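S.K.: Kindly return the folded structure for what I paste below:
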Amino acid sequence: MAHIGMDARLTHYRVGGISRYITALVSAFEQLQPSHDLTLLQSRKSRERLSKRFKSASVWTPPHHPFERVALSLELWRHRFDLIHSPDFIAPLRGARRHVITVHDLSFIHFPEYMTAASRRYYNGQIAASARRADHILTDSHATKRDLIDILDLPSEKISVQWLGVDPQFRPLDKSRSGETLKSLDLPESYFLAVGTLEPRKNLVGLARAYRDLKLDLPDAPKLVLAGQKGWHFEQLMTDLNDVALGDQLMIRHDVTDGQLPALYNHAIALVTPSFYEGFGLPALEAMACGTPPIVSRVSSLPEIVGVVGLQVDPHDTATISAAMMRALTDTEWRQRQSKAALKRAARFRWLDTARAVLECYDALLN
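M.R.: Numbering: from 1, shown residues only. Predicted structure coming up:
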């Protein structure tokens, strides 16, 4: 029986994003019951075990530390792992016979201006070495695989694409019941919605300007809701949003839990994701699973995820974003068709399939 370690330290420090990827994989692994001996590497500060089925081991080295690759290697030496999986894609120098990393995106290379200087140094200084060190690379989309080949000059055969899944909690809900969630967040019954970390890469200022244009044509248009935690350059983002001057028509909620998200999606007229870049775009998938049409940028991975569902826009052209929002709001028949198509599309994305692809990668390397 092979001994596999999965780096789950980030789950103590962050929610959503890569942390959701880790917890969803662990949950799927529990259902699949792999034959491997799996140990979850958690922060020494964590008080909660991620799994009752799999072992856990406390690790002192914090994620995103400048000397993380060396320090973590020293900590892992005693475990004698056959394979280490690094879902946050910066692998230790050593620590196992085989190393697998998951690269979710290369946004720090495409848009370094949207990151802090410390984050740029951490990612840009280590991604190439980590990718070369890895025996295999998993990635969430074909778009990110192309980036890895084009930017880091990696061989195609070293990279596997495994789409992410959608949690069963994201589904159409009885709006008379889910309305209680909206009341707890002080939100109206319907609105345009954007979900994700509040940072410049999400093009939220462009969205706000497009919404302002929409209000000029339709003064009674529903409000715009932004739901997500504070990200890089948050203060500057808020300054820029205030300059758009939407007043109380813009509602920002930082404290939305994963359990509240399905209700938010269900009551949205459309999910609007006009990002400049996305490695996958999980909110678009979650919204589709709730029957909510997505409006997304026609860049990076987003067209790959939504397929022909919803509308695709130019993130640099607020007029196309505004026009898409106008159609979602005024064309009831179109919205109903898109709702059905969204549910059908989302059904193709399952965490069990993602987990099986990861386990197949483990098996291929170990054998």
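
S.K.: Touching, residue 214 and residue 324? I think so.
M.R.: No. Between residue 214 and residue 324 there is no contact under C-beta atoms under 8 Å: 9.7 Å. In short, each C-beta sits where N, CA and C put it, glycine included.

S.K.: Spell out which residues are contacts of both of these two.
M.R.: Contact criterion C-beta atoms under 8 Å, 6 or more residues apart in numbering; residues shared by residue 214 and residue 324: none found.

S.K.: can you list the domains in this structure?
M.R.: Following automatic domain parsing, the chain resolves into domains at 3-165+350-366, 175-346.

S.K.: Give me the spatial nearest neighbour of residue 211, chain neighbours excluded.
M.R.: Excluding the flanking residues, the one nearest residue 211 by C-beta to C-beta, 6 or more residues apart in numbering is residue 224, at 4.7 Å.

S.K.: Let me fix that, I meant to ask about residue 60.
M.R.: In this structure, residue 60 finds its nearest non-sequential neighbour in residue 44, 5.3 Å apart by C-beta to C-beta, 6+ apart.

S.K.: now residue 258
M.R.: residue 15 (7.2 Å).

S.K.: Which per-residue confidence value corresponds to that neighbour?
M.R.: We have a pLDDT of 77 for residue 15.

S.K.: cool, and residue 174?
M.R.: pLDDT at residue 174 comes out at 92.

S.K.: what about the strands in the stretch 201-350 of the chain?
M.R.: With DSSP state E, counting those that start in this stretch as the criterion, the stretch 201-350 of the chain has strands at 224-227, 250-253, 268-273, 294-297, 311-313.

S.K.: Okay, buried residues for the longest one please.
M.R.: Looking back up the chat, that one is strand 268-273. By neighbour count on 16 or more other C-beta atoms under 10 Å, the buried set for strand 268-273 is 268, 269, 270, 271, 272, 273.

S.K.: list the helices and strands it packs on?
M.R.: For strand 268-273, the packing partners by 3 or more C-beta pairs under 8 Å, 6 or more residues apart in numbering; DSSP states H and E come out as strand 191-195, helix 282-289, strand 294-297, helix 318-330.

S.K.: That one vs helix 282-289, what angle?
M.R.: For strand 268-273 against helix 282-289, the angle by axes from the mean of the first three to the mean of the last three C-alpha atoms, to 10 degrees is 150 degrees.

S.K.: What are the contacting residues of strand 268-273?
M.R.: 190-196, 202, 207, 222, 225, 265, 281, 283-284, 287, 292-297, 302, 310, 321, 324-325, 328-329, 335.

S.K.: How about stretch 203-216?
M.R.: Stretch 203-216 has contacts (C-beta under 8 Å, 6+ apart) with 192, 194, 198, 221, 224, 226, 237, 240-241, 244-246, 249-250, 272, 274-276, 297, 315-316, 318-319, 321-322, 325-326, 329.

S.K.: Let me have the strands of the stretch 201-350 of the chain in CSV, extended by mean pLDDT and distance to residue 346.
M.R.: Putting those into CSV (pLDDT from 0 to 100; distance: least, C-beta to C-beta, whole Å) gives the following:
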stretch, mean pLDDT, distance to residue 346
strand 224-227, 98, 19
strand 250-253, 97, 23
strand 268-273, 98, 12
strand 294-297, 98, 10
strand 311-313, 98, 16
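
S.K.: Figure out which of those strands is closest to residue 157.
M.R.: strand 294-297 (29.8 Å; C-beta to C-beta).

S.K.: Alpha carbons only: can I get that closest one in CSV?
M.R.: This file holds the C-alpha atoms of strand 294-297, laid out as CSV (Å, rounded to 0.1, in the frame of the first residue of the first chain):
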residue,chain,number,x,y,z
PRO,A,294,-24.0,33.1,-16.5
ILE,A,295,-22.6,36.2,-18.2
VAL,A,296,-18.8,35.6,-18.6
SER,A,297,-15.8,37.0,-20.3
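
S.K.: what does it rub up against?
M.R.: Identification of contacts with strand 294-297 by C-beta under 8 Å, 6+ apart yields 203, 270-276, 278, 281, 284, 287-288, 302-303, 305-306, 309-315, 321, 324-325, 328, 342.

S.K.: mind running it again at 7 Å?
M.R.: 270-275, 281, 284, 287-288, 302, 306, 309-313, 315, 324-325, 328 (C-beta atoms under 7 Å, 6 or more residues apart in numbering).

S.K.: again with stretch 343-350
M.R.: Identification of contacts with stretch 343-350 by C-beta under 7 Å, 6+ apart yields 163, 164, 165, 166, 285, 288, 289, 291, 306, 307, 309.

S.K.: Quick check: the second one touching residue 140?
M.R.: Yes. Under the criterion of C-beta atoms under 7 Å, residue 164 lies in contact with residue 140, with a separation of 5.5 Å.

S.K.: rank the domains of the chain by pLDDT, which is bottom?
M.R.: Across the domains of the chain, domain 3-165+350-366 has the smallest mean pLDDT, namely a mean of 92.
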